[in-house]
Structure formats: C-alpha cells, structure tokens
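Sequence and predicted structure below; questions after.
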Amino acid sequence: MAITLDPSENESASKDSKKKHGRRQGMPELIFGDLWEYDPAPETADPRIRQRYDLFIGGRFIAPQSGEYFTSINPATEQPVTEIALANSADVDSAYMAAQLAYETVWRDMTGRERGKYIYRIARLLQDRAREFAVAESIDGGKPIRESRDFDVPMAAAHFFYHAGWADKLAYVAPGRTVEPIGVVGQVIPWNFPLLMLAWKIAPAMAAGNCVVLKPAETTSATAMKFAELLQEAELPDGVVNIVTGAGETGAALTGHPAARKIAFTGSTEVGKLIMRQLAERGTRMTMELGGKAANVVFEDSPIDQAVEGVVNGIFFNQGHVCCAGSRLLIQESIADSFVHKLQQRMASLRVGDPLDKNTDIGAINSREQLDKICDLVESGVAEGAKLYQPACPLPSRGFFFRPTLFTEVTQSHRIAREEIFGPVLSILTFRTMDEAIEKANNTMYGLSAGVWTDKGSRILRMAAELKAGVVWANTFNKFDPSSPFGGYKESGFGREGGRQGLLDYLELS
Amino acid sequence: MTARIPVVKTPKVYVGGAFIRSESGRTFPVYDSGGQFVANVPQCTRKDLRNAVEAAAKAGPGWSARTPYNRGQIIYRLAEMLEARADEMTSVLRQFSPEWTTAAEREVAESVDRLVHYAGWADKYEQVLGSANPVAAPFFNFTITEPVGVIGIIASDASPLLGLITQIAATIVSGNTIVALASESTPYPAITLGEMLATSDLPGGVVNIITGCRKELIPTFATHTHIRGIDAVATGDDATSLRRGAADSVKRVKVRQPDIDWSSDRAEGVYEIRHFVEFKTVWHPIGA
Amino acid sequence: MTKHSIADDFGAVDRVGIEERVAKFTTRSIKRKSKLWGLRTAVSMVDLTTLEGKDTPGKVASLCHKARQPSDDATIPPVAAVCIYPSLIKEARKHLADSPIKIASVATAFPSGQSSLKVRLQEVKYAVNAGADEIDMVINRGLFLSGEYDAVQDEIAAVVEACGDATLKVILEVSELETYDNVRAASFIAMQVLRAGDFIKTSTGKAGGSATLANTQVMLEAIRDFYLDTGTPIGMKPAGGIRTAKQALHYLVAVKETLGDAWLNSSRYRFGASSLLNDLLRQIHKEKHGAYQAPYYFSEAAESY
C-alpha cells in the first residue's frame, strides 16, 4: 500500500520537457494568500547609533588624520545611518603603534586568568545590550531583525564567552608543546555578519594574548564602532583592540603593515589572493576565510520536508550573503520534480521586506553594488538557458531588495553554477548516483562547506568523507558554534576559526 | 687477466613508481667532493614536474584511503629499508661532501629514526589534532583531518637526506602525495632514496622525486594549481616567488630557513603533520 | 503490507529539523488586527471538550451554553463543536439542536481502543444514532506498533463505514507512536481511507503526551502531501496541551504557512481543548479594550484565585 508522495515522481521519465520541474495542469494547489495577513511588527528598540564615528585607537575615539568621513546608509531605505571616519595609512600606523605598545606593556604579560576576565566582561556587556546591537546591525546592514536578534548577536556573545575560558588554558591547545602569542594581528572582516565576524576574529586573538587592529567592511562599520564603546565600558586596557574604518585602501594599508605579525582575513577569494600577493615578500602569517559555492546534496531517502527547510535556510539565510551558503542544490533525479515543487511552495511563504519587521524572513541586499552583481549573475543564468523561478512576493518600493530565486535546468558550466553569487539565488542540478553527486559537488575551485541529506547513516559518513569541504552539514545546514572549527579547503582559504584548532592559528609554538 | 670494469649506474628520477629520464633529455653533471665526475643527473623540466604532479594526483585517492595502520607500516618499512642499506647511503653522502665524512652515519641514522617516529604517528595524530566539539545545540559535531592533496617539496641543500625525509614523512603520513625537488647541489642521495622507495611497500606515485634546477622549477611549483601545498626550504626571491604564485590558487605554503636544525626534536612531531592537513567539521542532528 | 521500516513507505522525518522548523513559527509576531483575526478564528475552531468520568448532564448543559455564546461580546463567534462521551450526546442535542455547533463524540473504546472491533464499531453506531455529527476515534496503536499496518487501516475503514454521514476524526495518539516517522506513516495510513472533510487528530489528552507544534507539523505536512497527491483535503485537529491564546496563534501560523488559506477555518482545522477558550476570550478583550483581565471575569473559568 505504499503510495507515491507526488504524482510528478511518475513523470520524471517523461520526455516532455515542459513537465520537467512543473506539475500537471489541474492538480490541486495550496493557496498562500492574504486571508490572514500579519500586521507590521517593527522592532522599536533604540539602536543608539551616533551621528558620526571616529576611529578607535589606543582606547579612545580619535578623528581621522585625513579629516574625511563617509556615509553609511541603510540599504532598506537608502537613507544615511551614520558617518564613518576614513582612515589613511597614517591612522593605520598609529593603530598598530597603539597595539604594539599595549602588547609589550600590558597584554602579553597579563596572566591568562586576568585576560580571560576582560573577555568575559565583553561577552556579558554584549548580552546586556543585545537588542540594541541587533537593531543597529539590521539598520546598517539590512539583515532581518529575526536573524540579528536570534543569531548574529547571541552568537557573537557566545564567541567571547567561549574564548574567554581558553585564556588561562592555552597549555592545552597544543599538547606536547608550549605556546606563545603571536603579537599584533591585523584583521579584515566582511559585511555579511559584521558583529559576528568581528567576534570570530577578536575573541580568539585576545584569548591567545595578541593585540588587534581590525577593519570592518565600509558598508557595515556601525556595530564595530558600538563594540568599541563597549570595550571602553569593559575598561579593556588601551590599545589591545583598535578599530580603523575605511574601504579598500585602508584595508591594504592594514594588511600590508610591517608591524602585523599575522593577517586574518574573511572576504572574497579575489581580495584574499590580492592580500596573499601583497604579503608574498614579507611572508607574514595568514589565515584566509574566502568564498564558497557549496553543494547541498539531497538523496531520495532524505527527510524531505527537513531537507526543503535546510535548503531554504541554506540559501536564503541572510539574503544569501553567506560564504558557506548552499548555493548549488544537487537533487537525486527520482525526486527532483517533487522536491522543486515543495521548494517553490515553501518560498511562497517567505516574507521579504523591512529588516526591522519581526516577521521578515529576507531583508535588504547589503548594497547597490551587491544588488547589481546579483542582477548581473541572474541575467546570465537566464541568458544561458536556465529556468528562473521567483515567488510573487511584494517588494518594498525603495531600498535594495531581491526576490528569493531559484534556477532549474542548470548545468555545471553555467556561470550561476560556478561563481559565487552571494545573494538569494539557488542553482538546481540533478544527479542519478552517489558517485555522480560527489563528482558534481567537488567540481569547483571552492571547498568551504557542503550539505548532505539522507536517512542512511553509512551514506552520511561516506559523503562526509568524500565531499571536499571544511564543513559538512548532514541533515542540517548553516550551523555554527564557537567550539566548532570553521574554514575552507582549496580556494575557500586556509586556517580555521573556532574550537581548539582555530585558537592554535593565533598562537606561536615555542 | 684483465681487471673487471665496474658497471656505472645511470641516475634516474623516481616518478610514478618508475625510473625515468627527463623528457627533455637534458642532464647535469655531478661531481664528488674531490671534483671527480660521478654521473649525469636528469635536469627535469616543467613538463617533468607536471607529469610528476599527475602521478602524485593519481596515487592520492588510493594512498589516503589506506588505513592509518597500513600507512604506518609502510613508513616503518621505509625505515627498515634505509637501515638495511645504511652503508650504501652513508657512502653516497660521504662521496659528495667532505664534511659528511663524520656526520654521514648520523644523518642516515637520524633519517631512519625520523621515519620510525612518523610511522608511529600515522594512527595517532588524528586523536591529537581532531576533536569532538561540544556545540550548544542537539548535534553531534566532530572535526577530523584530511590530506590536502598534492604537496610540492623543495628540499634542503644542507641536509640532502634527513631534511628531505623529514619533509616527506611528515607530509605523506596523513595521506598526502608529494613531488619533491631534490637538493640541487647534492641530488644524489635523493636519487638513491628513490631506489630504496622503489623496493619498499610504498605505492608508486605517492612520493615522486625529481632533480633539476631550483630557479627553473620553483615558478612552476608555485603556480601549478593542482599542487595544493608547498613545503620549501627557501629564502629571498625563491620564497617570494613561491608565495606569490601560491596566491593564484590559495595554496598553503610553508617556508623553512636553510639553517633549520633538522636534528632537533622541534623539526618533527604532530604539528609538522598539521601543516598539510585540512580540518573537516561534520554536523549531524541527534534526533531520531 | 509487509513488516519493514515504515519510513520507507511514507518518508522520514528528522526530529531536530522539524523542531527547528516549528520554533520559527513561535517567533512570528502577531499584532493588532491580525491578532484579533487569529484569536476569533481560533475561537471558531475550538472543539470545546469535556471527557471526564464525572461528566453529568448538568456539566454538558453548561458546556453547550458556553459553546453557543462564549462571551457577552456579540462579535465573538460560537465554537465549532462540543466534544463529549457518547452517553451524553442526547443531553447536548437538547441544547444545541438549533445551533450550527456540531456534536462530536469520542467512540471506539476511547482512549485506549482496547476492545474488540465489533464493540468499537457498535459504539460508533450508537453515537451516530444518538445524534453525533462527528466521531473522534482512536487508532489501534498496538496493531500499529506490531507492524500490522494493513489491519490498522482496515479498522479505520470499518469505522468510516460505520460513521455514515458523520465526520470522522482519527486520533493517532502520537505520544504512543513515539517517533515522527511513525506519526507521518500513521497519518497516511488513516488518510488513505478517509473522505474529504474528515480529520486526523493528535491525541486523546489521556495519554502522557499531547499535541505539540512539532507533531502537529508532521501531520500538517502529511495532509499537504496527501492533498497535493490526491486532491482530497483532510482536516487537522491538535488536541491536549493547548491552553493559551499565544499557543493557539503559533498553531495557526503553522497552518497558514504550511497548508495555506484554505485550511484557516473550522471545517479543516480544530483545536481540541477546554481551557483554551477562556484565554482566547481574555486576549480578545485585552486587544479591544487595552486592559488585562482577571480569569474569573469569564464564565466556566477554572481559576478562582
């Protein structure tokens, strides 16, 4: 009495290409209409964003030597949020001097126990002001408040809490050897998880006994500067953490600075390679957290509805601005049509709009530039013959928004199957056998993350072994934890963040 | 009675489990410490390097799929082979350098010991480097290591045997396969090592040793995107060139100073293995 | 059907994944008009229930009055049904004859189902003859857990037949099935022999566990898949443990986002509950008038402190 879960399953052998990834005419459909519309539910907590932020150097806010500021806008409204100082190389220089001084006079020789207490303080202060930081993050970066409130900020606090506890236990990081801090490290972070990436960078560096010069991304500096205020509240010794703001030139001054004993970078593979070239002569230590084009592999025996949810979470989380996003869906042919139909149905209940509305699932694209890039790649997908699907969700009349999008009939050679889109765009391919799935999943220069969905335990472990990626999510996706090392294979970078493995990347074996 | 004329060995490089000449037909002469001609050694080209990378890449899946116990036994077998042929290796070392007259035996003995050291790590490093991670959600979360892939080795001139063996053993123990460029000034020990490898249980292609000119081959080591990591004894322009080329494909690069003390305890151990492993973290729900 | 993994036939459900999914429903923020709509709709979906050994005609009479007019507020609709034991159907009939409120009766040796099929079918017929509009049956969990899926289904089919025109609600008693895989499979086993407009229901309220957002979601997804496959719409009734208006709104969010608008009415969705109704009324009052209300302002409230 086994029943077929979906009629289109029987059609997959059909030669009629019109039926592919579609359903028979006249079949029952669900109605996701406006019978019960949710009223706007804006988050109203005060983000306490200042009108203008100076640089944070040596424990104080100081004006940039250039005298210049640039405007950070709210991508959901295109309205100015705050003014951010533009650091030039002289500012970067003084940040490194402050960090070096703090390292030599205070931080290096402080016991791990005391260092840890400062980091615990930071974790607690961040928890205290969590809602305020979440609102600021959503205003400045466009991500839905649901995510900044439930994911970014609590996870950032968790990173400080976790690493605080390591500060007096460094002897256990590298059994058999003793470790020492590296010195002053330079860190450059991206705009997709501004506060969380800051936490991923600063927390382990501080725990290891290093001092920091950090540059947030130019479109999302506000929470980093609010974090600087919090460091003052924590009475962190001056210069242990310094934050300089600006765009590419500031970043180049930071990564190329001779005082940097290590550079930690998270961002695009393109910029990562530039930094590697820049540092080729000096041979500075590096960790690189770069791009990805993750395959999410769904087998026919998988828990289908959880897989649908995982795929949705994998690509539409944070508007798809996620380096480990599951941007390539590989579905076993036998369930491809029904799975795509389920995905489309699930997408119908995604809510795109005001990032501050508590019911928004997909917020604003981070910048005009990024929106243009997404549009360009989506156009290439259409031009190259892939089939586009978008739900009919309404978009706000202004601001940078993009509908959740999926492409069927994608082949390995399409640009949308090879290039990192960094937006809410899913490319769907199919496979027949496990070997074919492995081959397709690994057919990329990237290797950051991968997903596998199946009910068969031994297949999970086999796939986990075969997928060339630093993180493999089995029957789940986009999960993170401070204790869990994260980082890439191949051109997705090297070094890890999180866990004992990540901490060792901030230490010198002596 | 006519005196017997000795048969002189033609040195060849060890690639893909076979002994070959350079595809270019080029060689360069090597002389003993007294300035006497010994042999013509292949002067490998970029194409030879490419072929060696192919051989290493082909051997990779099989080598990394072997059990750690098996890899450990094979590396231990290497130690046995070297120990058994210690006299031959000692005389090769002595032949090429006057300072080796006293140190050659030690170089060979330490090389044997180093192989034994890494043989023992094969089924242990995972438990030191990997972890089960206590995540704050209902997931089983663990981090294991995997080999990086094909690793390029640029060997030491100062320690043409112990240095090379240290680099090789620390790299292949975790399932990587390698292409090594032997010391340019003293290539002969590496050629002899190749002959010993061939008679061990090491599958062909896991270790490929070529000889030639650093200046000619380093740029290819740097930019060949299938070489996923570099372990090089290099300075100055060579080091810069390796790092710059590595940027094109985000290659892992470890540069060692020429004056490194290969005898030191710190030249060996699990953190040497760590340079050329990837960490893979796997999540799975604990549900039903 | 041979004995083998039931997930092979109907698909697997991952516990952690489904629980993550439903946790998102609870973060929906339902305000103002949409809250009022949700609360009123929830009232109209309540199967106002009393299933006690100590039930009397007097208790049922009072329940029926509450069902007809839950509060003084005339904008508040009556509930969908009252749910009672078979022996009290006649009493309920007296009070609800001229109303749209359905009389639902549990039958089939509720709550354990541990009687002969013959006796259980007789009970169904008795209830229907006594005037029940709806029958809430329990499936045979013993048969299910021993792998006799065909037999489970045959029994349900027999009850369908015994129901005649009465609507049938099939209680899976999810806590005794234990796994979500089983809940999904049991949903399909039932739906395959149900008629459009019949229901599947989570719990008796008498076993250890009752409705949760997660086990309800498993059933909603089964209903969705079955509908898309066959065109037959089956209704859903979570029962037991839903006591607050806030919970009810979370359940309705799950319906809206899983099955869509066509299930947001009492012909396709019910709450099996007793104390829920008063909390819905309190929250409606609060939404309309701004002030929080003490529970004893509402009739039939259990809280007296």
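Nice, I can see it. Residues are numbered from 1 along each chain as shown, chains lettered A, B, ... in the order given.

Secondary structure class of residue B:30, three-state.
Taking DSSP: H, G, I helix; E, B strand; the rest coil as the rule, one finds residue B:30 in the strand state.

what residues are up against it?
Contact partners of residue B:30, counting by Cβ atoms under 8 Å, 6 or more residues apart in numbering or on different chains, are B:11, B:37-41, B:96, B:187-188. C-beta: built from backbone N, CA, C; applies to glycine.

Please apply the same query to residue B:143.
For residue B:143, the contacting residues are A:484-485, A:499, A:501, B:130-133, B:279-282, by Cβ under 8 Å, 6+ apart.

7 Å - rerun?
Contact partners of residue B:143, counting by Cβ atoms under 7 Å, 6 or more residues apart in numbering or on different chains, are A:485, A:499, A:501, B:130-131, B:133, B:279-281.

from the residues you listed, which ones fall inside helices?
A:499, A:501 (DSSP state H).

now the contacts of residue B:143 as JSON lines including pLDDT, neighbour count and distance to chain C?
As requested, the contacts of residue B:143 are exported to JSON lines (pLDDT from 0 to 100; neighbours: other Cβ atoms under 10 Å in any protein chain shown; distance: Cβ to the nearest Cβ, whole Å):
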{"residue": "A:485", "pLDDT": "98", "neighbour count": "26", "distance to chain C": "21"}
{"residue": "A:499", "pLDDT": "98", "neighbour count": "25", "distance to chain C": "21"}
{"residue": "A:501", "pLDDT": "98", "neighbour count": "24", "distance to chain C": "25"}
{"residue": "B:130", "pLDDT": "98", "neighbour count": "19", "distance to chain C": "23"}
{"residue": "B:131", "pLDDT": "98", "neighbour count": "20", "distance to chain C": "21"}
{"residue": "B:133", "pLDDT": "98", "neighbour count": "22", "distance to chain C": "16"}
{"residue": "B:279", "pLDDT": "98", "neighbour count": "26", "distance to chain C": "24"}
{"residue": "B:280", "pLDDT": "98", "neighbour count": "24", "distance to chain C": "21"}
{"residue": "B:281", "pLDDT": "98", "neighbour count": "30", "distance to chain C": "17"}
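
in chain A, which segments are predicted with low confidence?
A:1-25 (pLDDT under 70).

Okay, domains of it per the record?
Domain assignment for chain A, taken from automatic domain parsing, gives A:52-290+A:490-509, A:292-474.

List just the nearest of the contacts of residue B:30 to chain A.
Nearest to chain A among those is residue B:187, at 26.5 Å by Cβ to the nearest Cβ.

Just give the closest residue to the closest one, not the sequence neighbours.
In this structure, residue B:187 finds its nearest non-sequential neighbour in residue B:211, 4.2 Å apart by Cβ to Cβ, 6 or more residues apart in numbering or on different chains.

Tell me both backbone torsions, phi and psi, for residue C:49.
phi -120, psi 140 (degrees, to the nearest 10).

Same question for the one 4 residues further on.
Recorded main-chain torsions at residue C:53 are phi -60, psi -30, according to degrees, to the nearest 10.

what's the distance between it and residue C:87?
Separation of residue C:53 from residue C:87 (Cβ to Cβ, to the nearest Å): 11 Å.

between those two, which one's more packed in?
It is residue C:87, of residue C:53 and residue C:87, that has more neighbours when counted by other Cβ atoms under 10 Å in any protein chain shown, with 14 against 5.

Make sure I have this right: that one is in a strand.
No: secondary structure of residue C:87 (three-state DSSP): helix, not part of a strand.

residues touching whichever residue of the stretch 101-250 of chain C sits closest to chain A, list them.
For the stretch 101-250 of chain C and chain A, the shortest gap (Cβ to the nearest Cβ) falls at residue C:231, measuring 4.5 Å. Residue C:231 makes contacts with residue A:28, as judged by Cβ under 7 Å, 6+ apart.

Check whether stretch C:43-56 comes near chain A.
No: if you take Cβ under 7 Å from any Cβ of the partner chain as the test, stretch C:43-56 misses chain A, and the best it gets is 12.6 Å.

what about stretch A:277-294, how long is it end to end?
26 Å (Cα to Cα, to the nearest Å).

Just send the domains of chain A back as JSON lines, with distance to residue C:247 too.
Conversion of the domains of chain A to JSON lines gives the following (distance: least, Cβ to Cβ, whole Å):
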{"stretch": "domain A:52-290+A:490-509", "distance to residue C:247": "20"}
{"stretch": "domain A:292-474", "distance to residue C:247": "18"}
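
Save those domains as a markdown table, and put in distance to chain B too.
Formatted as a markdown table, those follow (distance: least, Cβ to the nearest Cβ, whole Å):
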| stretch | distance to chain B |
| --- | --- |
| domain A:52-290+A:490-509 | 3 |
| domain A:292-474 | 5 |
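
The closest residue to chain C within chain A: neighbouring residues, count only.
Ranked by Cβ to the nearest Cβ, the top residue of chain A for proximity to chain C is residue A:306, at 3.0 Å. Neighbour count of residue A:306, defined by other Cβ under 10 Å: 27.

Check residue A:423 too.
Residue A:423: 25 neighbours (other Cβ under 10 Å).

Residue nearest the middle of the chain, spatially speaking?
With no chain named, the answer covers chain A. In chain A, the centroid-proximal residue (Cα atoms, centre = their mean) is residue A:322; its distance is 3.9 Å.

Let me rephrase: I mean chain B.
Note on chain B: the residue nearest the mean C-alpha position is residue B:168, at 2.8 Å, using Cα atoms, centre = their mean.

residues contacting residue A:451?
A:294, A:296-297, A:310, A:314, A:326, A:473, A:477.

For it, pull up the helix or strand it's in.
Using DSSP states H and E, residue A:451 sits within strand A:449-453.

where do the strands sit along the stretch 151-300 of chain A?
All strands of the stretch 151-300 of chain A, identified by DSSP state E, counting those that start in this stretch, fall at A:179-181, A:184-188, A:211-215, A:241-243, A:262-266, A:285-289, A:295-298.

just the stretch 151-288 of chain B next, same as before
Shown for the stretch 151-288 of chain B, the strands assigned by DSSP E, counting those that start in this stretch span residues B:177-181, B:207-210, B:227-233, B:252-256, B:277-285.

Confirm for me that residue C:201 is in contact with residue C:171.
Yes: in this structure, residue C:201 is within contact of residue C:171 by Cβ atoms under 7 Å, at 4.6 Å.

residues shared between the contacts of these two?
residue C:136.

Ok, which of the strands of the stretch 151-300 of chain A comes nearest residue B:229?
Residue B:229 sits nearest to strand A:285-289 of all the strands of the stretch 151-300 of chain A, at 13.6 Å, using Cβ to Cβ.

Show me what that closest one is packed up against.
In terms of contacts (3 or more Cβ pairs under 7 Å, 6 or more residues apart in numbering or on different chains; DSSP states H and E), strand A:285-289 is packed against strand A:262-266, strand A:493-494.

for the residue nearest the centre of chain C, what are its contacts?
Nearest residue to the geometric centre of chain C (Cα atoms, centre = their mean): residue C:237, 2.7 Å. Listed by Cβ under 7 Å, 6+ apart, the contact set of residue C:237 reads C:47, C:169, C:199, C:201, C:270, C:272.

Tell me the confidence at it?
For residue C:237, the model assigns a pLDDT of 98.

How much space separates it from chain B?
25 Å (Cβ to the nearest Cβ, to the nearest Å).

So what does that residue have for phi and psi?
According to degrees, to the nearest 10, residue C:237 has phi -140, psi 100.

now it: how far from residue C:28?
Distance, residue C:237 to residue C:28, by Cβ to Cβ: 21 Å.

on that earlier part again, now the contacts of residue A:451 in JSON lines, with neighbour count?
As requested, these are exported to JSON lines (neighbours: other Cβ atoms under 10 Å in any protein chain shown):
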{"residue": "A:294", "neighbour count": "32"}
{"residue": "A:296", "neighbour count": "27"}
{"residue": "A:297", "neighbour count": "29"}
{"residue": "A:310", "neighbour count": "27"}
{"residue": "A:314", "neighbour count": "26"}
{"residue": "A:326", "neighbour count": "29"}
{"residue": "A:473", "neighbour count": "29"}
{"residue": "A:477", "neighbour count": "29"}
